[in-house]
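Chemist: Okay, here's the prediction I keep looking at, along with the sequence it came from:
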Amino acid sequence: MKRPCNITLASLLTVEEENEPKYTKKRRMTIGNKWEVKDLPEMPYLYLKEKTSVVVLNDGAQNIANRIVKAAKDINCIGEYDDGKAKATLTVEDTEMTVQLFKVNSDKNDKLFSCIIVELCRSNGSPIVFHRSARQILSACTLNKGGHKNIKNNSPVPQSTIKMKLGHGSKFRINESDLFHRTVETVDTLLKKDRIDANLLGMESLQLITNTNCSSDATVAFASNVVMNGCHFMDIKPKVIELILNQFKNDVEDDVTEPTYYRKMRVSGLSVLWNALNFRSKNNSINEEYFQGDEWTGEEGLILALLKEVGNAMDSPQEAFLAGKCLLIILKTSAYIRSTASQMEASSIVSQGSSSWDSYLLLKTVALELLTLLEDTK
């Protein structure tokens, strides 16, 4: 009797690879392209569904996918699609999220599923950005061709926010100016540390306290004044300028974590500058004379750095969008900067990134408005 032949580990692995189902290969693309969804996976038994999900009734999977693509394009996302698994990975403002489509009780006689569940999960990044983007995408999923909602929503109506009131005793009384000072002092301390995570936390915190959607007007006014003028905190304004001028990159060039970390720092720095400019311009607390120093109009000044950032839209569209918004406020505020920008051939610099405008609608809107403003100055 012959002994059975030995089955090696390599042969087992080969058999498994040959029998492994072949899914459609992932395609790296911009949101402007199509997402072809042919079949949806069924939701697993006892699957714990995320709260950031929605149930869509009597609608086609491809129609829902098309609406997701359009909604994501409107908020300037980029993405990666897996057509076979009906899954997408979206990235916006350094926040990554996944979109998964599930089917429930498919109708064999028709390509229309009676119930489709769209679920969004945050992979990494800001929870605030994720929930803001998720609301727009989920809202788009539930709209049919007539613009009506086709949704089943069993979640309870959220209760109104309950605000805690501090007592009137002396131990509860806090001087408002001291509170602002302590908040910015904490940010200043984080930016002085050698740890990269502390620096990033400091910039992201500064971004929040200069944003009127996240902080009170009094807090934003105090923090914006620090960003624009420095005041008693001598490290915050130089750090923001250093990030925008690309001077900070040389210090971390050899670091393994540099690409992701440095980009997040730059995006936060540009967001902080725009928040400060936007708030102060709306409150008429910024004048034309502020932009007349070499810090803004010099050969290595902020105006030229922002113009080059807009022109580099192909490589860094998010930074170009933020830089363009900053330039719009500055050019509308200062006639001196408009004339200086025309001498720098600002229109030709901005137009260098025109090849990527069609993929990013928000960036295209800002860039065209910039060009119109510069052309009117000539």
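Modeler: Structure's in. What do you need? Numbers count the residues shown, from 1 in each chain.
Chemist: got the residue ranges for the helices in the protein?
Modeler: Along the chain, counting by DSSP state H, helices occupy 9-19, 61-74, 127-141, 176-192, 196-209, 217-229, 236-244, 258-282, 294-297, 302-311, 317-333, 335-343, 346-351, 361-377.
Chemist: any low-confidence regions in this structure?
Modeler: The model of the chain has pLDDT under 70 over residues 1-33, 46, 105-114, 144-176, 247-258, 378.
Chemist: So which elements touch the longest strand anywhere in it?
Modeler: In the chain, with assignment by DSSP state E, the single longest strand is strand 113-124. Packing partners of strand 113-124 (3 or more C-beta pairs under 8 Å, 6 or more residues apart in numbering; DSSP states H and E): strand 53-59, helix 61-74, strand 95-104, helix 127-141. From N, CA and C alone the C-beta is placed, and that goes for glycine too.
Chemist: same thing but 6 Å
Modeler: Applying 3 or more C-beta pairs under 6 Å, 6 or more residues apart in numbering; DSSP states H and E, we find strand 113-124 packed against strand 53-59, strand 95-104, helix 127-141.
Chemist: would you list those in CSV and tack on distance to Thr212 and mean neighbour count?
Modeler: Listed next are the helices and strands packed on strand 113-124 as CSV, based on distance: least, C-beta to C-beta, whole Å; neighbours: other C-beta atoms under 10 Å:
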stretch, distance to Thr212, mean neighbour count
strand 53-59, 29, 19
strand 95-104, 20, 20
helix 127-141, 13, 18
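Chemist: Ok, which of the helices of the chain comes nearest Thr52?
Modeler: With C-beta to C-beta as the measure, helix 127-141 is the member of the helices of the chain nearest Thr52 (4.7 Å).
Chemist: Mind listing residues that contact that closest one?
Modeler: The contact list for helix 127-141 (C-beta atoms under 6 Å, 6 or more residues apart in numbering) reads 52, 54, 56, 64, 67-68, 71, 75, 92-93, 95, 97, 118, 120, 122.
Chemist: can we see that at 7 Å?
Modeler: For helix 127-141, the surrounding residues in contact (C-beta atoms under 7 Å, 6 or more residues apart in numbering) are 52, 54, 56, 64, 67-68, 70-72, 75, 92-93, 95, 97, 118, 120, 122.
Chemist: Neighbours of Leu201, how many?
Modeler: By the criterion of other C-beta atoms under 10 Å, Leu201 has 17 neighbours.
Chemist: could you measure it against Val187, distance?
Modeler: From Leu201 across to Val187, the span is 9 Å (C-beta to C-beta, to the nearest Å).
Chemist: again with Asp358
Modeler: Computed with C-beta to C-beta, the distance linking Asp358 and Val187 is 38 Å.
Chemist: With Lys193 instead?
Modeler: Remark: distance between Lys193 and Val187 (C-beta to C-beta) = 11 Å.
Chemist: Who are the contact partners of the residue nearest to the spatial centre of the chain?
Modeler: In the chain, the C-alpha nearest the mean C-alpha coordinate belongs to Glu93, at 1.8 Å (C-alpha atoms, centre = their mean). Residues counted as contacts of Glu93 (C-beta under 7 Å, 6+ apart) are 126, 129, 267, 318.
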